[in-house]
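1. Fold the following, please.
(one chain, ligands or ions: 1)
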Amino acid sequence: MNRNSIHTSTIVNDISPYYVEESEQSLSDRSFAERSPSGTLLLEDGSRFAGFSFGYEQATAGEVVFSTNMVGYPEAITDPSFTGEILVMTYPLIGNYGVPGPALWESNSIRVKGLVVSNYIDTPSHYSSIMTLKQWLHQEKIAALEIKDTRLLTQHIRQHGSMLGKIIFEDTIPFYDPNQENLVAQVSTSSVQVEGHGDYTIALIDCGAKRNIVRSLLDRHVRVVTVPWDWDLFSPTNHFDFDAILISNGPGNPQMVQQTIQTIRKALERKIPLFGICLGHQLLALAAGGTTYKLKFGHRSQNQPCVLNGTPRCYITTQNHGFAVDQLPQGFTPWFTNANDGSNEGMKHHELPFFSVQFHPEAAPGPMDTEWIFDYFLERIRC
Ligand SMILES: NC(=O)CC[C@H](N)C(=O)O
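-> Just a heads-up that it's a prediction; the model follows:
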């Protein structure tokens, strides 16, 4: 096929897929060129990106964010932290290893409001695959578009910041801002779950916990009692013995999660060992008197470099967050700092067992470089 025959019809703010002239088409290109865009990603600034639908064709709206992770799309789209978000994946091959069984997901369903990829592969090859990504998206009624130029779309988001958007077909719907709602209340467990055995009991406040947090604790032979986000651990009616509290990751604006912040404040007063992950880091900061802010386009990838403060050591971390901690609370010092933009990535109290990280030490997906933080957590309980 003569490469000169391919040209892109890129109209300002309207990225259309490649078109190939009739004459030099191979069969596969012919099928590609004949497919007409069937869906549109419309951003709140008026930008339109046409695409080919491979998901459930019903309009959906949310905050449009991008992630650069190269692997782990099943874990990513089942992470409750993505609730309310339309996820753009910049790595061009998505779907190529299918979908594993639920035991390898980070929650029991797909959490993104919509999915945008550059090249959807509908012919997966992997021993663990039980269905194609397209089948899964249809099963769970999630819209998905193949927009060839996710690079341009991502550059747009980087330049202008993550913004509201919607995937529309024949129908349309209003824009929806997930950060104006308490998304944690929508994703948290509604009942208390008890798992595992061991010398220590961890109360896990489920703000949208990724399953690999629980797996990481159970692997260390502790008992994990998962409670809802608004469970008052200190009310007489709810009492059970525990040795420490882990505040989990979760979606949306940390300011919306006031009941959890109140519970953390009570734990601080009682000097109970506290460990926060991602949203948990933000909630611990707010509970202790710190502040949070919204990043321009967030950190969503598996290669975010975090320097261990006071050392030359830099860890490669998995991240998925749009907010960050600005002012650390009194008595806390920075634990990790993002080597890309200098943002805070962790903090610890200068004497009491209170500490938290903005990144995901449980990975899933991504590198296990910081898994040792779970061991550090248990050591702080023992001493
Ligand atoms: N993964 C998370 O816990 C995300 C925390 C928070 N919702 C944010 O976007 O910053």
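2. In CSV, could you pull the C-alpha coordinates for stretch 110-121?
-> Only the C-alpha atoms of stretch 110-121 are listed here, as CSV (Å, rounded to 0.1, in the frame of the first residue of the first chain):
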residue,chain,number,x,y,z
ILE,A,110,-15.5,-2.3,35.8
ARG,A,111,-15.5,1.2,37.5
VAL,A,112,-14.6,3.6,34.7
LYS,A,113,-17.5,5.5,33.1
GLY,A,114,-16.0,5.0,29.7
LEU,A,115,-12.8,3.9,28.0
VAL,A,116,-10.8,5.4,25.1
VAL,A,117,-8.0,3.6,23.4
SER,A,118,-6.0,4.0,20.2
ASN,A,119,-6.0,0.4,19.0
TYR,A,120,-8.4,-2.1,20.4
ILE,A,121,-7.4,-5.7,19.8
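3. buried stuff in it?
-> Buried residues in stretch 110-121, counted by 16 or more other CB atoms under 10 Å: 110-118, 120-121. C-betas here are computed from N, CA, C, even on glycine.
4. remind me which residues of the protein are low pLDDT?
-> Counting by pLDDT under 70, the chain has low-confidence residues at 1-35.
5. Flag every residue of it that's near the ligand.
-> When proximity is defined by CB under 6 Å from any ligand atom, the chain lies next to the ligand at 81, 249-252, 278-279, 320-323.
6. could you dump those to TSV with secondary structure and neighbour count?
-> Shown next, in TSV, are the residues of the chain next to the ligand (DSSP: H, G, I helix; E, B strand; the rest coil; neighbours: other CB atoms under 10 Å):
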residue	secondary structure	neighbour count
81	helix	28
249	coil	27
250	coil	31
251	coil	29
252	coil	28
278	coil	30
279	helix	31
320	strand	27
321	strand	25
322	strand	22
323	strand	20
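7. which residues in the stretch 51-200 of the chain form strands?
-> In the stretch 51-200 of the chain, the strands defined using DSSP state E, counting those that start in this stretch lie at 60-67, 85-89, 93-94, 114-117, 119-120, 143-146, 163-168, 193-195.
8. for the longest one, packing partners?
-> The one in question is strand 60-67. Secondary-structure packing of strand 60-67 (3 or more CB pairs under 8 Å, 6 or more residues apart in numbering; DSSP states H and E): strand 85-89, strand 114-117, helix 150-160, strand 163-168, strand 292-308, strand 314-325.
9. same check, this time on the fifth one
-> Judged by 3+ CB pairs under 8 Å, 6+ apart, the packing partners of strand 119-120 are strand 93-94, strand 143-146.
10. which neighbours does it have in its sheet, and in what orientation?
-> Take DSSP bridges as the rule and strand 119-120 pairs in its sheet with strand 93-94 (parallel).
11. Next: the second one.
-> Here strand 85-89 has these sheet partners by DSSP bridges: strand 60-67 (parallel), strand 114-117 (parallel).
12. For that strand, which outside residues touch it?
-> Outside strand 85-89, the residues that touch it by CB atoms under 8 Å, 6 or more residues apart in numbering are 41, 60-67, 69, 73, 76-77, 112-118, 150, 153-154, 157, 165-167, 178, 251.
13. Identify each buried residue in stretch 43-63, please.
-> Under the neighbour-count criterion of 16+ other CB under 10 Å, stretch 43-63 has 43, 47, 49-57, 59-63 buried.
14. Give me the subset of these lying in helices.
-> Among the buried residues of stretch 43-63, no member is found in helices (DSSP state H).
15. ranges for the strands of the stretch 201-350 of the chain?
-> Applying DSSP E, counting those that start in this stretch to the stretch 201-350 of the chain gives strands spanning 201-206, 223-228, 244-247, 274-277, 292-308, 314-325, 332-338, 344-349.
16. and of these, who's closest to residue 126?
-> Closest approach to residue 126 among these (CB to CB): strand 292-308, 18.7 Å.
17. got the buried residues for the closest one?
-> Going by neighbour count (16+ other CB under 10 Å), the buried part of strand 292-308 is 292, 297-302, 304, 306-307.
18. repeat for stretch 99-108
-> So, applying 16+ other CB under 10 Å, buried residues of stretch 99-108: 99-100, 105-107.
19. Quick check: phi and psi on the nearest residue to residue 330 once chain neighbours are set aside?
-> In space, and not counting its chain neighbours, residue 330 is closest to residue 289: 6.0 Å by CB to CB, 6 or more residues apart in numbering. Main-chain dihedrals, residue 289, degrees, to the nearest 10: phi 110, psi 10.
20. doesn't residue 329 make contact with residue 289?
-> Yes. At 4.2 Å, residue 289 counts as touching residue 329 under the criterion of CB atoms under 8 Å.
21. taking the helices and strands packed on strand 119-120 together, which one is wrapped up most tightly?
-> Highest mean neighbour count of the helices and strands packed on strand 119-120: strand 143-146, a mean of 26 (counted as mean count of other CB atoms under 10 Å).
22. Show me what it is packed against.
-> When contacts are defined as 3+ CB pairs under 8 Å, 6+ apart, strand 143-146 sits against strand 39-43, strand 48-53, strand 114-117, strand 119-120, helix 133-139, strand 163-168.
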